[in-house]
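In: Next comes the sequence, and after it the predicted model I'd like to discuss.
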Amino acid sequence: MTTQHNPRSFRKFILYRSEDECNVSGTGIVAEGIQFSSGRCVISWITATPSVAVYENIADVEIVHGHGGKTVVKWIDAVDT
């Protein structure tokens, strides 16, 4: 069975960090991301030690990198409906 995805539902976001509790990534915009139509997310860190990571969904990104609200997802574009 093939799952149908709407390619128009790609969404871009940034991770914005107000406080760097680990003193690693700094503050401000620390990563760029995209959420695919499947819900999976890829983030690319724009820090001194850049890397790319894949997550099953945006909730996982927030759980791992949110640091209790010190880092938030800010959507860049809206979903087409």
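Out: On my side now, so go ahead. Numbers count the residues shown, from 1 in each chain.
In: Any regions of the protein where pLDDT drops low?
Out: 1-5, 7-8, 23, 78-81 (pLDDT under 70).
In: try 90
Out: Within the chain, the ranges that satisfy pLDDT under 90 run 1-10, 18-28, 47-49, 65-71, 77-81.
In: what about the strands in it?
Out: All strands of the chain, identified by DSSP state E, fall at 11-17, 28-35, 41-45, 52-55, 71-75.
In: quick one: which of these is nearest Glu62?
Out: strand 71-75 (6.2 Å; Cβ to Cβ). Heads up, the C-betas are built off the backbone N, CA and C, glycines and all.
In: got the angle for that closest one vs strand 28-35?
Out: Per axes from the mean of the first three to the mean of the last three Cα atoms, to 10 degrees, the angle that strand 71-75 makes with strand 28-35 is 50 degrees.
In: buried stuff in strand 71-75?
Out: 71, 73 (16 or more other Cβ atoms under 10 Å).
In: Now do the same contact list for Arg17.
Out: 25-28, 30, 67, 70-71 (Cβ atoms under 8 Å, 6 or more residues apart in numbering).
In: repeat that for 7 Å
Out: 25, 27-28, 30, 70-71 (Cβ atoms under 7 Å, 6 or more residues apart in numbering).
In: In the residues you listed, find the pair that's most separated.
Out: Gly28 and Lys70, at 12.2 Å, using Cβ to Cβ across these.
In: unless I'm mixing things up, Ser44 is touching Ala31, no?
Out: Yes: using Cβ atoms under 7 Å, Ser44 makes contact with Ala31 at a distance of 6.2 Å.
In: May I have the beta-bridge partners of the residue most central in space within the chain?
Out: The residue lying closest to the centre of the chain (Cα atoms, centre = their mean) is Gly33, at 4.3 Å. For Gly33, the beta-bridge partners are Phe13, Ile43 (DSSP bridges).
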